[in-house]
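Novice: Give me a model of this one.
(one chain, ligands or ions: 2)
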Amino acid sequence: MGDQLFAFLEKQYMPPNIRRPYLLKDRFGQFCIQYLLNQPFYSEIYRASIVWAMSYMTQCVESPPGIYDLGQPGTTEPGCRREREGDATLYTQADPFQSAVEGAVLTISLGRPISSSTTIDGARRSSISALTRIHTVWRDPASLLNNLIGPDKLYVYVSFFSERLNRDIPVDEDVKSSSPSKPMVRSRVWNMASPEKLLYKQPSVLMGRTDVVTVTPWLASIIWEGTFDPVLIDNIYKPMNLTIATTVFAVGKYVSFLRDFLETAEMHFMVGFNVRYYVFTDRPHDVPSVNLTQGRHLSVIQVPGSNRWQEISARRMEIIQTTIESQIRREADYIFCLDVDSKFHARWGAESLGRLVAVIHPGYYDQTRANFPYERRPASMAYIPMDEGDYYYGGAMIGGFVEDVYTLTTVCRNRFAVDAGNSIEAAWQEESHLNRYLLYNKPSKVLSPEYLWQDFKAKTKEVKVIRFSGVIKNYAEVRPNV
Ligand SMILES: CC(=O)N[C@H]1[C@@H](OP(=O)(O)OP(=O)(O)OC[C@H]2O[C@@H](n3ccc(=O)[nH]c3=O)[C@H](O)[C@@H]2O)O[C@H](CO)[C@H](O)[C@@H]1O
Ligand SMILES: [Mn+2]
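Specialist: Ligands and ions are numbered 1, 2, ... in the order given. Down below sits the predicted model:
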């Protein structure tokens, strides 16, 4: 998407004062564009920016909006307003006047109605008329929208929050130093710059791994030994000076796994990158001191214990979400969330980086989907029907851009809470919710079971290297309940 964005910007007029446009899925899973707009609301620029975002999205949407998973109906926030004009309906959230003075982060989303019960707040007539004016600047909104919608109505959601609230989101240095009147755009997707004169084996068009599938049907790579050149990968990614957050939970007796986890990570995990470990534990005094190489930090964050392992495992989603909000968002580019009862045995490097990264569970990669241990009860928010499903992903690793993992953990945590309210616990707790999320929000990179093995499982012929593997543990000994 990054390249597309730049190509588009070269060709098209983009209003000044737009910064950092990102293409994302919004929290309802809808396609959206999000950007900082350093302008008061309802200025010409503000309206022009919405037109720009809309027309940009029409060029980027590869799949029709009808497939978006909007989650549960009725999930709109209080204060949501809508206004209709022709075929388009415009929704706003939050109070535009609160942030009218200094500009904001805008999210323009396309999608279907979230809730039929959304009502216009009568007291906000003035904001509605301001929104109506936005429509009038669309040169040809009907044709813009008709490209996308087919028989269903398309809705345009405009949501925003004040830049004042956004101060803690880091803005790239070059953007900060540029004058606000000069548009500076930097996508989060870096160019794959490779140094000149780097010698490496010529890639072949005809020869490669044929014993395993190395690409998903939605064209995300599946990372296996032999599909990438580690020297080339390192030369591309190291100059980006990335920081990788790594969360690991060691609650109760699981602190005993920390030393091996950390010591082997120092040998094999993201070597040569800035790594920030976040260790969550109820026993901070039992966290071993491990020598960290330069550029690597460890912080210990205290969390409550529990007498149910299911709860410890599942609460990770919520704690990762809130820690991203409170600090990781400012401190890292990518994040990996890993099981602690594991060790690294070989390189786990930048080949694993992607916007949303999942790993194929070692126990099910040769199985048909009907045998996957997905949650099968329709009453659960993690439900997956028998005839759906791509892979069975392991809950021991989630990764990607901090923002994308933030969305994932937010959605999974909320769905877990809805289930809990209905007295349901999904078959494999957060792993079930993860699988449901990834079925409808496809990962951009998939790691082969090399990246998640289990010590008790004999190596199979397609697995040439075991990079990360769960240790054999005595469940009765380490877990608070069995
Ligand atoms: C290989 C793999 O995909 N493993 C998943 C699997 O079983 P596992 O048997 O691997 O689950 P587990 O016991 O390792 O628990 C998951 C993680 O929660 C933490 N923890 C758990 C219990 C405890 O008392 N203290 C503590 O700190 C710890 O970081 C541990 O690594 O199913 C779980 C579902 O609930 C998780 O999705 C695991 O990621
Ligand atoms: Mn585990």
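Novice: Any idea how many residues pack against the one residue in the stretch 301-450 of the chain that gets nearest to ligand 2?
Specialist: Proximity to ligand 2, evaluated over the stretch 301-450 of the chain using CB to the ion, is greatest for Asp339 at 3.7 Å. (Glycine included, C-beta is placed from N, CA and C.) The number of residues packed near Asp339 is 20, by other CB atoms under 10 Å.
Novice: mind listing what it touches?
Specialist: Residues in contact with Asp339 (CB atoms under 8 Å, 6 or more residues apart in numbering) are Val248, Gly395, Ala396, Met397, Gly470.
Novice: Quick check: phi and psi on the last one?
Specialist: Same thing as Gly470. Main-chain torsions, Gly470, degrees, to the nearest 10: phi -70, psi 130.
Novice: what's the helix or strand for Ser432?
Specialist: Following DSSP states H and E, one finds Ser432 within helix 429-440.
Novice: what sits up against the next helix-or-strand element following that helix?
Specialist: Using DSSP H and E, the helix or strand that follows helix 429-440 in sequence is strand 445-447. Strand 445-447 is contacted from outside by 216, 220-223, 352-360, 391, 397, 400, using CB under 8 Å, 6+ apart.
Novice: again, only this time at 10 Å
Specialist: Strand 445-447 has contacts (CB atoms under 10 Å, 6 or more residues apart in numbering) with 213-216, 218, 220-224, 348, 351-360, 390-391, 393-394, 397, 399-400, 438, 467-468.
Novice: Next, Tyr383: phi, psi?
Specialist: Main-chain dihedrals, Tyr383, degrees, to the nearest 10: phi -60, psi 130.
Novice: Just want the phi and psi numbers for the nearest residue to it once chain neighbours are set aside.
Specialist: Of all residues not flanking Tyr383 in the chain, Glu375 sits nearest, at 5.6 Å (CB to CB, 6 or more residues apart in numbering). Backbone torsions of Glu375, given as degrees, to the nearest 10, read phi -70, psi 130.
Novice: Among the contacts of Asp339, which one sits closest to Arg413?
Specialist: Arg413 has its nearest neighbour among the contacts of Asp339 in Gly395, at 13.6 Å by CB to CB.
Novice: OK, contacts around Arg467?
Specialist: Arg467 neighbours (CB under 10 Å, 6+ apart): 223, 225, 268-269, 344-349, 352, 447-453.
Novice: follow-up on the earlier one: may I see the contacts of Asp339 organised as JSON lines, with pLDDT, distance to ligand 1 and neighbour count added?
Specialist: Listed next are these as JSON lines, based on pLDDT from 0 to 100; distance: CB to the nearest ligand atom, whole Å; neighbours: other CB atoms under 10 Å:
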{"residue": "Val248", "pLDDT": "98", "distance to ligand 1": "6", "neighbour count": "24"}
{"residue": "Gly395", "pLDDT": "97", "distance to ligand 1": "2", "neighbour count": "24"}
{"residue": "Ala396", "pLDDT": "98", "distance to ligand 1": "3", "neighbour count": "22"}
{"residue": "Met397", "pLDDT": "98", "distance to ligand 1": "7", "neighbour count": "22"}
{"residue": "Gly470", "pLDDT": "97", "distance to ligand 1": "5", "neighbour count": "20"}
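Novice: Now distance to His433 and secondary structure too, for those residues, in a markdown table please.
Specialist: Formatted as a markdown table, the contacts of Asp339 follow (distance: CB to CB, whole Å; DSSP: H, G, I helix; E, B strand; the rest coil):
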| residue | distance to His433 | secondary structure |
| --- | --- | --- |
| Val248 | 20 | strand |
| Gly395 | 9 | strand |
| Ala396 | 14 | strand |
| Met397 | 15 | strand |
| Gly470 | 20 | strand |
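Novice: Let me know the average pLDDT across the helix holding Ser432.
Specialist: Mean pLDDT, computed over helix 429-440, is 95.
Novice: any bit of that helix sitting next to ligand 2?
Specialist: No: for helix 429-440 and ligand 2, the contact criterion (CB under 5 Å from the ion) is not met; the two come no nearer than 10.1 Å.
Novice: Could you see whether ligand 1 lies near that helix?
Specialist: Yes: with CB under 6 Å from any ligand atom as the measure, helix 429-440 is seen reaching ligand 1 through Gln429, Glu430, Glu431.
Novice: you'd agree the second one is up against Ala417?
Specialist: The reference is to Glu430. No: Glu430 is beyond contact range of Ala417, at 11.6 Å (criterion: CB atoms under 10 Å).
Novice: so what sits against both of those two?
Specialist: Common neighbours of Glu430 and Ala417, counting by CB under 10 Å, 6+ apart, are Met317, Glu318.
Novice: related to what we said a few turns ago, in CSV, list the residues of helix 429-440 next to ligand 1 along with distance to Gln34 and neighbour count.
Specialist: Formatted as CSV, the residues of helix 429-440 next to ligand 1 follow (distance: CB to CB, whole Å; neighbours: other CB atoms under 10 Å):
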residue, distance to Gln34, neighbour count
Gln429, 31, 24
Glu430, 26, 25
Glu431, 29, 24
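Novice: and of these, the nearest to Tyr364?
Specialist: Closest to Tyr364, out of all of the residues of helix 429-440 next to ligand 1 and judged by CB to CB, is Glu431, at 11.4 Å.
Novice: Tell me which residues touch the nearest residue to that closest one once chain neighbours are set aside, please.
Specialist: Excluding the flanking residues, the one nearest Glu431 by CB to CB, 6+ apart is Gly395, at 3.0 Å. Counting by CB under 10 Å, 6+ apart, Gly395 makes contact with 313-314, 316-317, 337, 339, 358-359, 361, 412, 428-435, 452.
Novice: ok, now with 8 Å
Specialist: Ser313, Asp339, Trp428, Gln429, Glu430, Glu431, Leu434.
Novice: Tell me the one of those residues nearest Val231?
Specialist: Asp339 (29.1 Å).
Novice: on that earlier part again, when you check ligand 1, which of the contacts of Arg467 turn up near it?
Specialist: Okay, of those touching ligand 1 (CB under 6 Å from any ligand atom), that's Leu452.
Novice: Now, the contacts of Arg467 that are in strands?
Specialist: Of the positions in the contacts of Arg467, Ile223, Phe344, Leu447, Trp453 sit in strands, assigned by DSSP state E.
Novice: Do the helix ranked longest in the chain and ligand 1 come into contact?
Specialist: Longest helix in the chain by number of residues (criterion: DSSP state H): helix 402-421. No: using CB under 6 Å from any ligand atom, helix 402-421 never reaches ligand 1; the gap is at least 10.9 Å.
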